[in-house]
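Chemist: Pasting a predicted model and its sequence here:
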Amino acid sequence: MHELKDLYQEVIVDHNRSPRNFGKLAGANRVLEGYNPLCGDRLTLYLNVKDNKIENITFDGSGCAISVASASLMTETIKGKSTGEAEGIFHSFHDMVTTDSGEPDFDKMGKLVAIAGVRDYPTRVKCATLCWHTLHSIIQGERASVSTE
Amino acid sequence: MNVAHKDISKTGAGTVLDVEALRGDFPILARRIRGKPLVYLDNGATAQKPRVVLETLDNYYRNYNANIHRGVHTLSGEATAAYEGARDRIRKFINARANAEVVFVRGTTEAINLVATCMGWGGVQRGDEIIISAMEHHSNIVPWQLLCERSGAVLRVIPINEAGELIMEEYARLLSDRTRLVAVTHISNALGTVNPVKQIIEMAHARGALALIDGAQAVPHTAVDVQTLDCDFYAFSGHKLFGPTGIGVLYGRQAVLEKFPPYQGGGDMIKMVSFEKTIYNDLPYRFEAGTPDIAGVIGLGAAVDYVTAVGLDRIAAHERDLLEYATDAARGISGLRIIGTAKEKAGILSFVLEGIHPHDIGTILDHDGVAIRTGHHCAMPVMEFYKVQATARASLAFYNNRADIDALIKAIAHARQVFH
């Protein structure tokens, strides 16, 4: 039996209520909107990338607690990382929320493990991955908006 | 069929449903979700199926599965009789004049697409106008947009007020000699508003326009009489009416359907085919190309019999009482805003909670065994009107009781607790 508190951990409730790095980023050189047509979640990432380093990142938009908290935690995690490192974390994160075996690796994932609970809620995985897919697309150089569908 | 509802059907004049006995007719209601009894409040999306429908489907496939209108063998005869028998009972259910007016389609969506497509081929032209309303389901918006794109016709939209009611004065203003068709929903899936369809149809006819009613949300809750309404088309789905998925009905006035070109070509819709000339079949077969959903039609027939026995007047009265009970309880929850507060409402309680996204509400309610719909309900323009991304929606069926509503309210309180 999956406990509700595994999904709505204190960290998630907190990041939903007070998202970090929230708002537009002045001087951003990469901007991309992500959209989940299934639930209407919509968020925009603002990045300042210099020499393959994500010097700053913010987001705005609206969505459910999982999508907002996931975006908030993501910005905290990848700020200052290289785009290559960010891509690596994207893949690890994706694996963490889509595979149902084993305890999430705190040493590797850090505070992102708070999101791991969504893997027991297949209908909510896309809420958690929307921001990451958007980031991935930015790094891959896409300009148009990103959809989870 | 369960004895309880047979008894109810005999009493005729009684106004109270024996809901507890009727619940026994629905095997799925005994399910537990995450260890809790299932509280199914997503009937607007699809309704559960009574045992008699399940048994009818099973019986068809086990005992007389065959194609219809084709074979001389016994099974084909039985299947054809069951299929056409269901059509006849469905005709009575909506009080159509003739079986020729009852066309089987996949669902409400296909019914509306059929009308929009045939009207396009049938001469809707640049400058003609189609009127819909601001509370339509996407399935009663997009087919008309496609028609307009192809023909150069113009789409007009009847606005709604804050309560979620059509502004009838605006509708009157939109109607003109260029109006070819008015398509509105009988009951709104996102708001629960019951529209004054009879008046809407009358006004359309007065300007020489056709009228189509989207009855997907109406048929499970209220008795429909297409002759009294005097609509030209009435569309509904079987699965919301306790029948199988994949089957629906387009009622079309015979004189109008007669003038429509065929929708799809194939077997069953023809009388004679040669490479020089093909003669199309009579109504309603002309619009039923290919092997139809035979089991679906027979199953829908069983569902219609079942609903008729329960009694739509009793269903409407029970649901009115239950919606009032739910609305009163919901009003007592601080931070809860009801979306859709029309004077005439049926079966639907749409709401948002301050500080909690509908999707989170949906997940938390599911943990308590309560199934509701969250999202835009395929009515994004309605969401935009109310400046919300999504709503949580509890939608009723006659098998719901006050205990279901109590569970809903308790689960909402739980959601508030999680997000304290």
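Modeler: Arrived safely.

Chemist: In contact with the residue of chain A at minimum distance from chain B, which residues are there?
Modeler: Residue nearest to chain B within chain A (CB to the nearest CB): residue A:64, separated by 3.8 Å. Where you see a C-beta, it was placed from the backbone N, CA and C, and this is true even at glycine. Residues in contact with residue A:64 (CB atoms under 8 Å, 6 or more residues apart in numbering or on different chains) are A:39, A:41, A:124, A:127, B:357, B:358, B:359, B:360.

Chemist: Now name the helix or strand holding the fourth one.
Modeler: By that I understand residue A:127. Element membership for residue A:127 (DSSP states H and E) is helix A:125-139.

Chemist: pLDDT score for residue 90?
Modeler: Just going to use chain A. Among the per-residue scores, residue A:90 shows a pLDDT of 96.

Chemist: Correction: the question concerned chain B.
Modeler: 98.

Chemist: can you check residue B:335 too?
Modeler: 94.

Chemist: does residue A:23 really touch residue A:57, like I thought?
Modeler: No - using CB atoms under 8 Å as the test, residue A:23 is too far from residue A:57 to be in contact (11.4 Å).

Chemist: With neighbour numbers in mind, choose between the two.
Modeler: Comparing residue A:23 with residue A:57 by other CB atoms under 10 Å in any protein chain shown, the one with more neighbours is residue A:57, at 26 against 10.

Chemist: Sort out which residues of the host helix or strand of the more buried one are buried, please.
Modeler: Using DSSP H and E, residue A:57 sits within strand A:53-62. Across strand A:53-62, burial judged by 16 or more other CB atoms under 10 Å in any protein chain shown covers A:54, A:56, A:57, A:58, A:59, A:60, A:61.

Chemist: Could you point out which of those is nearest to residue B:228?
Modeler: residue A:61 (48.4 Å; CB to CB).

Chemist: which residues touch that closest one?
Modeler: Here residue A:61 is in contact with A:33, A:34, A:41, A:42, A:43, A:44, A:71 (criterion: CB under 8 Å, 6+ apart).

Chemist: how many other residues sit next to the residue in the stretch 101-250 of chain B that chain A sits nearest to?
Modeler: Going by CB to the nearest CB, chain A is nearest to residue B:138 of the stretch 101-250 of chain B, at 11.5 Å. Counted with other CB under 10 Å, residues neighbouring residue B:138 total 15.

Chemist: Ok, residue B:90 next?
Modeler: 25.

Chemist: did I read that right, it in a helix?
Modeler: Yes - Residue B:90 forms part of a helix when assessed by DSSP: H, G, I helix; E, B strand; the rest coil.

Chemist: Model confidence for residue 37, exactly?
Modeler: I'll assume chain A. At residue A:37, pLDDT is 80.

Chemist: Hmm, no, I was thinking of chain B.
Modeler: The model's pLDDT for residue B:37 equals 97.

Chemist: what's the nearest residue to residue B:376 if we skip its chain neighbours?
Modeler: Leaving out its chain neighbours, the residue that sits closest to residue B:376 by CB to CB, 6 or more residues apart in numbering or on different chains is residue B:383, at 4.8 Å.

Chemist: actually residue A:56, not the one I typed
Modeler: Nearest residue to residue A:56 in three dimensions, chain neighbours excluded: residue A:48, at 4.3 Å (CB to CB, 6+ apart).

Chemist: Please identify which helix or strand holds the one you found.
Modeler: Going by DSSP H and E, residue A:48 is in strand A:41-50.

Chemist: From the rest of the structure, what touches that strand?
Modeler: A:24-25, A:27-36, A:54-64, A:67-68, A:71, A:83, A:127, A:130-131, A:134-135, A:138, B:359, B:389.

Chemist: now these: which count as buried?
Modeler: A:25, A:28, A:30, A:32, A:34-36, A:54, A:56-61, A:63-64, A:67-68, A:71, A:83, A:127, A:130-131, A:134-135, A:138, B:359, B:389.

Chemist: Can you pull out the low-pLDDT segments for the chain?
Modeler: Since no chain was named, I'll use chain A. When residues are selected by pLDDT under 70, those of chain A lie in A:1-2, A:101, A:142-149.

Chemist: hm, I was asking about chain B
Modeler: Those would be B:1-14, if you go by pLDDT under 70 across chain B.

Chemist: What residues does it have near chain A?
Modeler: B:34-35, B:355-360, B:363-364, B:367, B:374-376, B:380, B:383, B:389-390, B:418-420 (CB under 8 Å from any CB of the partner chain).

Chemist: mind listing which of those residues are in strands?
Modeler: If you go by DSSP state E, those have B:374, B:375 in strands.
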